[in-house]
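Student: Sharing a sequence plus its predicted fold:
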Amino acid sequence: MKNKPLKIISLFAGAGGMDLGFKNAGFDIMWANDFDPDSVKTYRRNFGDHIVLGDIEKIRTNNMPDNPDVVIGGFPCQGFSIANLGRSVDDSRNKLYKQMLRVIRVKKPKYFVAENVAGILTLGKGAVIQKIIKDFKSIGYKVDYKLLNAADYGVPQARRRVFIIGNRLGLDNQFPKQTHEAPLTEKHMLAEVLEKHITTKDAIGFLSKAPLTNKVFYSNNRVIHNHVGDTNVHDEFWGRKYPVNQFDICDYLKKWRKKAGISTKKVDEHFGYAHTAGHWFRKDNNSGSIPNPDDWKGLKKLLGFDNKYDKQVTTLVKKKIQFEQSLRITNWDTPSDTLTATSPEIHVNLKRRLSVRECAILQTFPDDFVFEGATFRSMHKQIGNAVPVLLAEKVAKEIKKMIESKSLRRAA
């Protein structure tokens, strides 16, 4: 008799890179969750309505299905990222793995898979990863972790990520075997070699001359969606002319919001944002932000504040870009650099940045996976936060193999 599909609960699902990898490996996703509206729209379009939009900290486990075989999730990594130089053991975002722990403790899946950035290994001189492992072990799981480079598994991107795998079946945790490597030097040619890394050119070269467009088109016998992106490749940007203290602006806006009797939720609804306006009224962890000039003018109409900070907030001048990475040109004859949730690298044609579709291909999303979102920046963020589909599929196949082998042994 054919085995029933193994069932999954997916936390912090985002656009669904990890989910699609597991689905391709034969798993059935029962329930998923994310708090980003655009990601959820993308997920619903490509998977279905089993995803719930909302803050995982506010969702009770009895509202999730029982008896999952696997719980998966790439818990938010901003607090762990090497790119975040202000990272801290005490960053509140570093605690979200405990939501995954909560679900696993109650639902008792056979396996769980968590994914995160390489920076998690060195945070607190290794104390954070050890704490996470200890917590998962304390609820009855055998836990191992490994740093995998997606390029070594057939993904056209050098992306180093930590995979944490745990099981309560008493099995050794298996990670996928490496299948690709950088071309070897001549002295190694006699050794048994793996396939060569897939280069950026191999993956997206066929789109080099295709103009950016919102429309669906055909290229290289492929149907192309979301070939949109940023044409700003200059070394200048519009920035504020005068220095502005975010804490002062925060206190000022909070005072006027309180006077107007308007909640941050109402401010969000007014602007059509999700969880954005709250950052204008907070200064914890230095995570607050100053509204851009258009939003400032909108806030002024809404809250009715005076002209005290108008000049400082809204006067812009051209400035030189100093952040080198924002002017970096993508690799072409090697796997691409790691895609991030911010602005992608400049295409080698120097006329634009990598498009949404090119980034999706570098993350091994299929051509028929269509991204939703009000802006291409939202789509880029969804892709940059995703787990490469092919790498997730290879991890999933190892887990499926182990669960089925355990089931067969029991049957025998």
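Tutor: Yep, that arrived. Numbers count the residues shown, from 1 in each chain.

Student: Skip the chain neighbours and tell me the closest residue to residue 226.
Tutor: Of all residues not flanking residue 226 in the chain, residue 356 sits nearest, at 4.2 Å (C-beta to C-beta, 6 or more residues apart in numbering). All C-beta spots, glycine's among them, are computed from the backbone N, C-alpha and C.

Student: so where is the protein shaky, pLDDT-wise?
Tutor: The model of the chain has pLDDT under 70 over residues 1-2, 77-94, 184-192, 235-238, 272-277, 284-288, 321-326, 408-412.

Student: Tell me where it has strands.
Tutor: 7-11, 28-34, 51-53, 70-73, 111-117, 142-149, 160-167, 180-181, 195-196, 217-219, 222-224, 236-240, 316-320 (DSSP state E).

Student: Report all helices and strands that the top helix by length along the chain contacts.
Tutor: Longest helix in the chain by number of residues (criterion: DSSP state H): helix 389-411. Applying 3 or more C-beta pairs under 8 Å, 6 or more residues apart in numbering; DSSP states H and E, we find helix 389-411 packed against helix 17-24, strand 111-117, strand 160-167.

Student: 7 Å instead?
Tutor: Secondary-structure packing of helix 389-411 (3 or more C-beta pairs under 7 Å, 6 or more residues apart in numbering; DSSP states H and E): helix 17-24, strand 111-117.

Student: I'd assumed residue 226 was in contact with residue 379.
Tutor: Yes. Using C-beta atoms under 7 Å, residue 379 is in contact with residue 226, at 6.3 Å.

Student: Need the residues touching each of those two.
Tutor: 356, 371 (C-beta atoms under 7 Å, 6 or more residues apart in numbering).

Student: circling back: I'd like the strands of the chain written out as TSV, with mean neighbour count and distance to residue 375 added.
Tutor: Shown next, in TSV, are those (neighbours: other C-beta atoms under 10 Å; distance: least, C-beta to C-beta, whole Å):
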stretch	mean neighbour count	distance to residue 375
strand 7-11	25	25
strand 28-34	22	18
strand 51-53	18	19
strand 70-73	27	26
strand 111-117	25	24
strand 142-149	17	30
strand 160-167	21	26
strand 180-181	16	34
strand 195-196	12	36
strand 217-219	12	20
strand 222-224	15	19
strand 236-240	12	17
strand 316-320	11	20
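
Student: for those, which one sits closest to residue 388?
Tutor: Evaluated over the strands of the chain, closeness to residue 388 peaks at strand 160-167, with 8.5 Å, by C-beta to C-beta.

Student: quick one: the closest one to chain centroid distance?
Tutor: 15 Å (C-alpha atoms, centre = their mean, to the nearest Å).

Student: domains in the chain, as residue ranges please.
Tutor: 7-182+388-411, 236-320 (automatic domain parsing).

Student: and the ones you listed, which is most packed in?
Tutor: A comparison of these by mean neighbour count, using mean count of other C-beta atoms under 10 Å, puts domain 7-182+388-411 on top with a mean of 19.

Student: ok so, going back, okay, the longest helix of the chain in PDB with CA atoms only?
Tutor: Extracted C-alpha coordinates of helix 389-411, given in PDB (Å, rounded to 0.1, in the frame of the first residue of the first chain):
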ATOM      1  CA  VAL A 389      13.800  25.800  -2.900                       C
ATOM      2  CA  LEU A 390      16.300  23.200  -4.200                       C
ATOM      3  CA  LEU A 391      18.300  23.100  -1.000                       C
ATOM      4  CA  ALA A 392      15.100  22.700   1.100                       C
ATOM      5  CA  GLU A 393      14.000  19.800  -1.200                       C
ATOM      6  CA  LYS A 394      17.300  18.000  -0.600                       C
ATOM      7  CA  VAL A 395      17.000  18.400   3.100                       C
ATOM      8  CA  ALA A 396      13.400  17.200   2.900                       C
ATOM      9  CA  LYS A 397      14.300  14.100   1.000                       C
ATOM     10  CA  GLU A 398      16.700  13.000   3.700                       C
ATOM     11  CA  ILE A 399      14.100  13.500   6.400                       C
ATOM     12  CA  LYS A 400      11.400  11.600   4.300                       C
ATOM     13  CA  LYS A 401      13.900   8.800   3.800                       C
ATOM     14  CA  MET A 402      14.500   8.500   7.500                       C
ATOM     15  CA  ILE A 403      10.800   8.600   8.600                       C
ATOM     16  CA  GLU A 404       9.900   6.000   6.000                       C
ATOM     17  CA  SER A 405      12.800   3.700   6.900                       C
ATOM     18  CA  LYS A 406      11.700   3.900  10.500                       C
ATOM     19  CA  SER A 407       8.100   3.100   9.500                       C
ATOM     20  CA  LEU A 408       9.200   0.100   7.400                       C
ATOM     21  CA  ARG A 409      11.300  -1.200  10.300                       C
ATOM     22  CA  ARG A 410       8.300  -1.000  12.600                       C
ATOM     23  CA  ALA A 411       6.100  -2.800  10.000                       C
END
